[in-house]
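Student: need coordinates for the below:
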Amino acid sequence: MSTTELEAKVRELRELQALIEEAQAEAESIKDQLKVHMGEREELRAGGYKITWKPVTSSRLDATALRKALPEVAAQFTRTSTTRRFCVA
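Tutor: Numbering: from 1, shown residues only. Purely as a prediction, here's the structure:
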């Protein structure tokens with residue numbers, strides 16, 4: 001691919017990413033409007049749509065606290081992985 005073609009592809013990529021970000025922001029705005037309308041209700045029906053907004057409880061390991069309290073145990077169960085990060089600047 002020539003430099004001109006690469007530049008055009010990067011420009012196209014950035015334009016698409018901007019569209020995605022704009023659409024995601026708009027979707028979040030709509031979700032927020034629906035949540036305000038729901039108030040404390042966990043379920044709402046709108047025509048053929050069922051909207052739910054329920055509390056979810058989860059438990060997660062606090063790795064920072066574990067490393068602080070039991071560094072040897074944390075080190076024993078820590079694994080390192082390598083990935084490649086794609087970035088266009």
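Student: contacts only, for K31.
Tutor: With contact taken as Cβ atoms under 8 Å, 6 or more residues apart in numbering, K31 is in contact with no other residue. C-beta coordinates here come from the backbone N, C-alpha and C atoms, glycine included.
Student: secondary structure element holding it?
Tutor: Take DSSP states H and E as the rule and K31 turns out to sit in helix 3-38.
Student: quick one: the residue nearest the centre of the chain from L61, how far?
Tutor: Centre of the chain computed as the mean C-alpha position; nearest residue by Cα atoms, centre = their mean is Q24, 10.6 Å away. Counting by Cβ to Cβ, to the nearest Å, the separation of Q24 from L61 is 29 Å.
Student: same thing with A23?
Tutor: Here the distance between A23 and L61 works out to 34 Å (Cβ to Cβ).
Student: neighbours around M38, how many?
Tutor: M38 sits with 14 neighbouring residues when counted by other Cβ atoms under 10 Å.
Student: was I right about it contacting K54?
Tutor: No: assessed by Cβ atoms under 8 Å, M38 is found out of contact with K54, at 10.6 Å.
Student: what's stretch 46-62 in contact with?
Tutor: The set of residues external to stretch 46-62 that reach it, using Cβ under 8 Å, 6+ apart, is 34-35, 38, 41-45.
Student: so which of those residues is the closest to T80?
Tutor: For these, the residue nearest T80 by Cβ to Cβ is K35; the value is 39.4 Å.
Student: wait, what's in contact with that closest one?
Tutor: Here K35 is in contact with W53 (Cβ under 8 Å, 6+ apart).
Student: excluding its backbone neighbours, what's nearest E42?
Tutor: Counting by Cβ to Cβ, 6 or more residues apart in numbering, K54 is the residue found nearest to E42 once chain neighbours are left out, at 4.8 Å.
Student: look up how far A18 lies from the residue nearest to the centre of the chain.
Tutor: Where A18 is concerned, Q24 sits at a distance of 11 Å (Cβ to Cβ).
Student: just flag the most distant two among the contacts of stretch 46-62.
Tutor: Greatest spatial distance in the contacts of stretch 46-62: K35 and R45, 15.5 Å, computed using Cβ to Cβ.
Student: now do A89, the pLDDT please.
Tutor: Taken from the predicted model, the pLDDT recorded for A89 is 88.
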